[in-house]
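Engineer: I'll drop the sequence and a predicted model, then ask my questions.
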Amino acid sequence: MEKYIIHGGHKLSGEISIQGAKNSVLPILAATVISGKTSTIFNIPKLRDVDMMVQILSSLGAKITIDEDTITVDSSTINKVALPEEFVREMRSSIIIMGAMLARFGEVKIAFPGGCEIGPRPIDLHLKALRQMGAVIDEAYGFLECRTIGLLRLVQPKILCLLQ
């Protein structure tokens, strides 16, 4: 067994670079859709899922610029609401773009996401939350067709109290 022996009295100093986290950057990239403007995200990890999200955004019409660990997304040019099935089926977390597309365009068509190698991870909670915000979601033939009537909104859950 290896061990470290630390003798006190000496100040430590230095710097390290921390790579960005996939679970943070994917929702941030999806959220760039909402503004319809240019967004710049720094410290992007070099991962396949990040590449897939960039491809999804590009396929919708967004202009993407990549410079080392920085991605700039111009979402003002997005002109489609149907996400390409071949990209969506590659990445489970592609589902997170639904809310941004609904918020900006009021509609989105997306295939059921795939790509999870660690077993099934249902998307039902995600769909339930969008429905609670006013989205109408039709599921048929492996696709989700979603639309809003007006803006998405936060709906307060009804709390039932039973007195005995």
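Structural biologist: Looks like it arrived, so ask away. Numbers count the residues shown, from 1 in each chain.
Engineer: tell me the buried residues in the longest helix anywhere in the chain?
Structural biologist: In the chain, with assignment by DSSP state H, the single longest helix is helix 22-35. For helix 22-35, burial by neighbour count (16 or more other C-beta atoms under 10 Å) applies to 25-26, 28-34. C-beta here means a position set from N, CA and C on the backbone, and glycine is covered the same way.
Engineer: closest to residue 61 out of the residues you listed?
Structural biologist: residue 33 (10.4 Å; C-beta to C-beta).
Engineer: how far out from the middle of the chain is stretch 14-30?
Structural biologist: Centre-to-centre, stretch 14-30 and its host chain are 13 Å apart (C-alpha atoms, centre = their mean, to the nearest Å).
Engineer: repeat for stretch 25-36
Structural biologist: Taking C-alpha atoms, centre = their mean, the mean C-alpha location of stretch 25-36 is offset from the chain mean by 7 Å.
Engineer: what's it in contact with?
Structural biologist: 39, 41, 44-45, 49-50, 53-54, 57, 60, 62, 71, 73, 75-76, 78, 93, 96-97, 99-101, 103-104 (C-beta atoms under 8 Å, 6 or more residues apart in numbering).
Engineer: any quick PyMOL command for the buried ones out of these?
Structural biologist: Burial among those is assessed by 16+ other C-beta under 10 Å; the matching PyMOL selection reads:
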select buried, resi 39+41+44+49+50+53+54+57+60+62+71+73+75+78+93+96+97+99+100+101+103+104
